[in-house]
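Undergrad: let me see the structure of the following:
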Amino acid sequence: MSALETAARLITLEGGEGAGKSTVLSALAQALRGHGGEVVTTREPGGTPLAERIRELLLHPDNSDPPSADTELLLMFASRAQHVASVVRPALARGAWVLSDRFTDASHAYQGGGRGVDRETIAMLESRFVGLQPGLTLLLDVPVAVGRARAQGRAAPDRIEAEADGFFERVRTAYRDLATAQPERFRVIDASQPAERVAADAVAALDRYLQALSQA
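TA: Okay, the predicted model is just below:
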């Protein structure tokens, strides 16, 4: 299994439901643009027309024929492979910053931690069809009960959002384990704080990362 290439200009946001990723993504994009250069904001699953259609298959709340855990994983990586080939790699190649709402860590957390899919299988797909890891990953960590309470005011939940609390507790644990195992890449942000404070902490973490890059 080949090693993953670290892409210094790829920055990702991860976290469970109700963590406030959209607010933070906007603040990070504004901060990056302030440093000059192109900034591409994107998301997973999705990010391209084909990948967005796969997203609809993955998240549609109709449970008359729900995907198995393995099917869900493979659809996630089909969407991700298209996203990487069509958006992420071309943007990085032309020197742009790529800011993504979720990336491969989400599969380790949701399909690995939440569904119990074998981690080696996920790592194999990551190596074969992605080949990249972010230079910086911001994990917006929030207790499950807090995040789910925030999400209650939104539109009807999609198929994954409708899972039980136990599923999301496993997802949160998996995310925290990833951050512990890779402290050089992850920065954990306390997302139980007010949105403005969370965004400010995330931008401060980004600034420290950019400073470290400039001194490397």
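
Undergrad: could you point out the longest helix of the chain?
TA: helix 195-215 (DSSP state H).

Undergrad: export that one to CSV, keeping only CA atoms.
TA: The C-alpha atoms that make up helix 195-215 are tabulated as CSV, following Å, rounded to 0.1, in the frame of the first residue of the first chain:
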residue,chain,number,x,y,z
ALA,A,195,-20.3,30.0,16.6
GLU,A,196,-18.3,33.2,16.5
ARG,A,197,-15.8,31.8,19.0
VAL,A,198,-15.5,28.5,17.1
ALA,A,199,-14.8,30.4,13.9
ALA,A,200,-12.2,32.6,15.6
ASP,A,201,-10.4,29.6,17.0
ALA,A,202,-10.4,27.9,13.6
VAL,A,203,-9.0,31.0,11.9
ALA,A,204,-6.3,31.3,14.6
ALA,A,205,-5.3,27.6,14.0
LEU,A,206,-5.2,28.4,10.3
ASP,A,207,-3.0,31.4,10.9
ARG,A,208,-0.5,29.3,12.9
TYR,A,209,-0.4,26.7,10.2
LEU,A,210,0.3,29.4,7.5
GLN,A,211,3.0,30.9,9.6
ALA,A,212,4.6,27.5,10.1
LEU,A,213,4.5,26.9,6.3
SER,A,214,6.2,30.2,5.6
GLN,A,215,9.0,29.4,8.0
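
Undergrad: buried ones in it?
TA: With burial defined by 16 or more other Cβ atoms under 10 Å, the residues of helix 195-215 counted as buried are V198, A199, D201, A202, V203, A205, L206, Y209, L210. Where you see a C-beta, it was placed from the backbone N, CA and C, and this is true even at glycine.

Undergrad: center of this protein, which residue is that?
TA: Among the residues of the chain, the one closest to the centroid is R102, at 1.5 Å (Cα atoms, centre = their mean).

Undergrad: would you mind measuring from the residue sitting furthest away from the middle of the chain to L140?
TA: With distances taken as Cα atoms, centre = their mean, the residue sitting farthest from the centre of the chain turns out to be S64, at 27.7 Å. With distances defined as Cβ to Cβ, to the nearest Å, the gap from S64 to L140 amounts to 33 Å.

Undergrad: which residues of the protein fall in strands?
TA: In chain order, the chain shows strands spanning 5-15, 39-43, 97-101, 132-141, 186-190, with DSSP state E as the criterion.

Undergrad: export the ones you listed to JSON lines and tack on distance to E169 and mean pLDDT?
TA: Below are the strands of the chain laid out as JSON lines (distance: least, Cβ to Cβ, whole Å; pLDDT from 0 to 100):
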{"stretch": "strand 5-15", "distance to E169": "14", "mean pLDDT": "97"}
{"stretch": "strand 39-43", "distance to E169": "24", "mean pLDDT": "98"}
{"stretch": "strand 97-101", "distance to E169": "22", "mean pLDDT": "98"}
{"stretch": "strand 132-141", "distance to E169": "13", "mean pLDDT": "98"}
{"stretch": "strand 186-190", "distance to E169": "17", "mean pLDDT": "98"}
